[in-house]
Structure formats: structure tokens, C-alpha cells
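Student: okay, here's the prediction I keep looking at, along with the sequence it came from:
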Amino acid sequence: MTHPELFDGIMFRRVVAYLIDVVILSGAAVFLWFLVVMTLGLLGPIAALTTPVLPLAYHSLLIGGPNSATIGMRMMGIEVRRLDGGRPDLVQALVQTLLFYATLALTGLLLIVAFFNDRRRCLHDWLSGTLTVNTAGLIHRSN
């Protein structure tokens with residue numbers, strides 16, 4: 001997990017991956033609220049409870065899943081790994097996701113920290129014991 005090719009262009013890829021995920025999550029939320037309108041408000045309470053949980057579930061389940069990446073991350077060729085190179089489990093993915101949204105909401109340090117370390121780890125990566133790497137670099141290193 002120290003090879004430079006694992007981290008080439010990772011900051012740009014992470015930002016674009018997150019923007020892709022925002023579009024996907026926004027589409028899911030719009031569809032959910034469309035269903036509320038179509039049911040004349042009957043699904044309103046369910047949608048109100050589901051909407052805030054949707055991003056947490058999306059990121060945690062996908063990062064803690066077999067691909068270790070959200071859909072946006074997969075499209076950008078990156079994935080999340082533990083410091084030892086293994087894939088994060090669901091608990092570690094949930095912790096990373098909660099820390100991501102907490103640092104996003106509370107501070108501007110989310111990305112700034114990444115400019116001061118070689119692996120481009122953000123604050124939530126440091127606190128959760130994870131890092132984000134190029135998938136192509138992993139394939140290259142394993143051959």
C-alpha cells in the first residue's frame with residue numbers, strides 16, 4: 001500500500017466519484033419522493049425516514065461490500081482499502097462513512113488534509129484506518 005501508482009491522480013478521481021454518487025443519490029431521492037406524490041402522500045413518513053439514511057446505507061454497504069467502492073468510485077477506477085491492503089468490513093465502512101459526512105458537515109478539513117500526505121488520505125480516512133487507491137494500481141501490483 002506504499003507504491004506511488006496506487007495514488008496517482010487519486011484526489012481528482014475521488015472528487016469526481018463523489019459527484020457521480022451525489023447524482024445517483026439525488027436520483028434515488030427524487031424517485032422516492034415521486035412515489036410519495038403518486039401515492040397521494042401515503043409513503044411520506046417512510047420517505048421522510050429513508051431519505052436521510054439513504055446516503056449512509058449507500059456508502060457503507062457498497063464500501064463494505066465485495067468491490068470496496070461506491071458506483072462512482074468504480075466508474076473512476078478507485079476503491080477503499082484497509083491500511084494492510086485488505087477490504088474494509090461493513091463496520092469499518094460505516095465508521096468511515098459517518099466520519100466522512102461528519103467532516104463534510106463540520107469542517108473544511110475534509111480534503112485539505114489530503115494535500116499534506118503522500119497517500120492523499122483525507123481526515124475520515126485517517127480516523128477510520130482506511131485509504132483510497134487506484135484499482136489499476138492494485139491489478140498492476142498483483143501481477
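Tutor: Happy to help now that I have it. Numbers count the residues shown, from 1 in each chain.

Student: nearest spatial neighbour of the residue most central in space within the chain, skipping sequence neighbours?
Tutor: Residue closest to the average C-alpha location in the chain (CA atoms, centre = their mean): H59, at 5.0 Å. Excluding the flanking residues, the one nearest H59 by CB to CB, 6 or more residues apart in numbering is T97, at 4.2 Å. (Each C-beta comes from the backbone N, C-alpha and C, glycine too.)

Student: same check, this time on V91
Tutor: Counting by CB to CB, 6+ apart, the residue nearest V91 is G64, at 7.6 Å.

Student: does the one you found touch G86 like I think?
Tutor: No: judged on CB atoms under 8 Å, G64 makes no contact with G86 at a distance of 12.0 Å.

Student: who has more neighbours, the two?
Tutor: G64 (21 against 11; other CB atoms under 10 Å).

Student: look up phi and psi at the residue lying farthest from the centre of the chain.
Tutor: Most distant from the centre of the chain: L40, at 33.7 Å, with distances by CA atoms, centre = their mean. The phi/psi pair for L40 (degrees, to the nearest 10) reads phi 60, psi 40.
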